[in-house]
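**Q** predicted model and sequence below, questions to follow.
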Amino acid sequence: MRALIVGCGDVGCRLALRLMARGIAVTGVVRSPSSAAALERLGIAALTADVDADVIADLPAVDWLFHFAPPPETGEADPRLIGTLAALDAPPLRLVYLSTSAVYGDCAGRWIDESESLKPKSARGHRRLDAERTALAYAAREGIAAMILRVPGIYGPGRLPLQRLTSGAPLVQRDQSPYTNRIHADDLAAAAQRVAELGMAGAAYNVSDGQPTTMTDYFLRCAALLGVPPPIEQPLEEAMKTMSPMLKSFLEESKRLSNRRLVEELGWRPQYPSLDAGLPASLAPDRVVQAFTGAA
């Protein structure tokens, strides 16, 4: 068995280590020599390629392809996915594309599952929806199985928002903060493996811990864990003025993601089923973070 992970960053490396433990040969595609060196420190075979090139260098034939590289930050499509698929020596047997829950748009805080209509609100959501359709069309054309992971905010080692918490930026007043969803990086890697193994061709899977909370609640929990003073809270309209486009998109798209399909159909269980479990574990020494930071 051979697997290729395009965009093999933090989550990709966690997946690679899981696959390698099963005896699967893994190659991670990265853009920079420094990222390649991080993969090599973990024992992962690295292939350096520019996924923004007009023509991507030939990619090896594999059984499983995981496309984790995000689309560019502009445009309406995902040329990185299109280029990757064109560069393959042969179609994989199974393709797993990492998308985003932003394809659902704003759901006014309702619980939703994968049957929810796709009405992206942000440009990021529109690009991901186009990429989902590209992946599924390629699979239909080549006669292979493609599955979609719809992922909310990712947290874990090296991902806690210390810089924002100490920047003085305000939070949304807690009674006005919309619902957001999260998944621990290790649980996302485990879900990607399970979907590659057992996922139904053409299916999408929400990958969430199933315990939605608000962004304000998340930041306040992180502040307490990291021992920093909690930021001030402001009304939603005021706080939005200081936020990045990414944070704004989370706050403008309130929803609660059901992970029932992933749990009931594929038997996946999160190791960190809530922030109570996942946040403290995010402070433990982590070999993937150490590999990317060059720590011993």
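**A** Now that the structure is in, tell me what you want to look at.
**Q** can you tell me the SS state at residue 98?
**A** Under the three-state scheme (DSSP: H, G, I helix; E, B strand; the rest coil), residue 98 adopts strand.
**Q** residue 66 is in contact with that one, correct?
**A** Yes. Using C-beta atoms under 8 Å, residue 98 is in contact with residue 66, at 7.3 Å. Bear in mind the C-beta positions are built from the backbone N, C-alpha and C, glycine included.
**Q** between the two, point out the one with more neighbours.
**A** A direct count of neighbours by other C-beta atoms under 10 Å for residue 98 and residue 66 places residue 66 higher, at 32 against 25.
**Q** please enumerate the shared neighbours of residue 98 and residue 66.
**A** residue 192 (C-beta atoms under 8 Å, 6 or more residues apart in numbering).
**Q** pLDDT weak spots in the chain?
**A** By pLDDT under 70, the low-scoring segments of the chain are 295-296.
**Q** grab the most central residue of it for me.
**A** The residue lying closest to the centre of the chain (C-alpha atoms, centre = their mean) is residue 151, at 5.2 Å.
**Q** quick check on it: phi, psi?
**A** phi -120, psi 130 (degrees, to the nearest 10).
**Q** quick one: residues contacting the nearest residue to it once chain neighbours are set aside.
**A** Once flanking residues are discounted, residue 151 sits nearest to residue 207: 5.0 Å by C-beta to C-beta, 6 or more residues apart in numbering. Residues in contact with residue 207 (C-beta under 8 Å, 6+ apart) are 149, 150, 151, 152, 183, 187, 188, 191, 192, 259, 262.
**Q** list just the nearest of those to residue 125.
**A** residue 150 (10.4 Å; C-beta to C-beta).
**Q** give me the three-state assignment for the closest one.
**A** Going by three-state DSSP: residue 150 is strand.
**Q** neighbours around it, how many?
**A** The number of residues packed near residue 150 is 24, by other C-beta under 10 Å.
**Q** residue 267 contacts residue 194, doesn't it?
**A** Yes. Under the criterion of C-beta under 8 Å, residue 267 makes contact with residue 194 at 7.3 Å.
**Q** so which of the two has more stuff around it?
**A** Applying other C-beta under 10 Å to residue 267 and residue 194 shows that residue 194 carries more neighbours, namely 18 against 9.
**Q** contacting residues for that one?
**A** 262, 266, 267, 268.
**Q** now whatever helix or strand residue 38 lives in: buried residues?
**A** Using DSSP states H and E, residue 38 sits within helix 33-41. For helix 33-41, burial by neighbour count (16 or more other C-beta atoms under 10 Å) applies to 35, 36, 38, 39, 41.
**Q** quick check: what element follows that helix along the chain?
**A** By DSSP H and E, the next helix or strand past helix 33-41 is strand 45-48.
**Q** run the chain-centre distance for the next helix or strand after that following strand.
**A** Once strand 45-48 ends, the next helix or strand along the chain (criterion: DSSP H and E) is strand 64-67. Centroid displacement of strand 64-67 relative to its chain, using C-alpha atoms, centre = their mean, to the nearest Å, is 14 Å.
**Q** for the lengthiest helix in the chain, name the packing helices and strands.
**A** Identified as the longest helix of the chain according to DSSP state H is helix 123-142. The contact analysis (3 or more C-beta pairs under 8 Å, 6 or more residues apart in numbering; DSSP states H and E) places helix 123-142 against helix 79-87, strand 94-100, strand 145-151, helix 245-251.
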